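*Asks:* The following comprises the amino acid sequence and a computationally predicted model.
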Amino acid sequence: MVILLSDLPEEVEQSSLRTMVEQYYPVSKVEPCGPECAGKPVEWKIELGNADREVANFVTDKINGSYWQGYHVNAYCPLFQ
């Protein structure tokens with residue numbers, strides 16, 4: 001299952017995103033995604049491995065709107081995966 005994070009600072013590192021999400025569930029992969037993935041990513045794609053939708057929604061609910069490194073994080077779980 002995948003969740004997407006957006007509205008993050010340009011200098012965010014994959015390791016810090018992994019640490020934030022792993023408070024709630026183990027992460028299998030973190031990668032930028034967006035129109036061309038050049039420069040600042042529009043979103044970050046977080047793969048939660050074998051998690052089901054219920055787990056992904058739980059993680060998303062915990063992270064969405066949280067204040068992290070001076071920014072409010074927008075987190076959501078895409079409907080179709």
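*Replies:* That came through fine.

*Asks:* Leu17 belongs to a strand?
*Replies:* No. The assignment for Leu17 by DSSP: H, G, I helix; E, B strand; the rest coil gives helix, which leaves it out of any strand.

*Asks:* For the residue lying closest to it once chain neighbours are set aside, what is the enclosing helix or strand?
*Replies:* Once flanking residues are discounted, Leu17 sits nearest to Val30: 5.3 Å by Cβ to Cβ, 6 or more residues apart in numbering. The way it works is simple: take the backbone N, C-alpha and C, and place the C-beta from them, glycine included. Using DSSP states H and E, Val30 falls within strand 29-33.

*Asks:* got it, and Glu10?
*Replies:* Element membership for Glu10 (DSSP H and E) is empty, with no helix or strand holding it.

*Asks:* distance of it from Phe80?
*Replies:* Per Cβ to Cβ, to the nearest Å, Glu10 is found 29 Å from Phe80.

*Asks:* These two - which one has more neighbours?
*Replies:* A side-by-side neighbour count of Glu10 and Phe80, using other Cβ atoms under 10 Å, places Glu10 first with 7 against 3.

*Asks:* Give me the distance between the strand holding Val30 and the centre of its chain.
*Replies:* 8 Å (Cα atoms, centre = their mean, to the nearest Å).

*Asks:* partners of that strand, with directions?
*Replies:* Here strand 29-33 has these sheet partners by DSSP bridges: strand 43-47 (antiparallel).

*Asks:* Kindly export the strand it pairs with (C-alpha atoms) in PDB.
*Replies:* Taking C-alpha atoms only, strand 43-47 is exported to PDB below (Å, rounded to 0.1, in the frame of the first residue of the first chain):
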ATOM      1  CA  GLU A  43       5.000  14.700  -3.700                       C
ATOM      2  CA  TRP A  44       6.800  11.800  -1.900                       C
ATOM      3  CA  LYS A  45       5.600   8.300  -2.400                       C
ATOM      4  CA  ILE A  46       5.900   6.100   0.700                       C
ATOM      5  CA  GLU A  47       5.400   2.400   0.300                       C
END
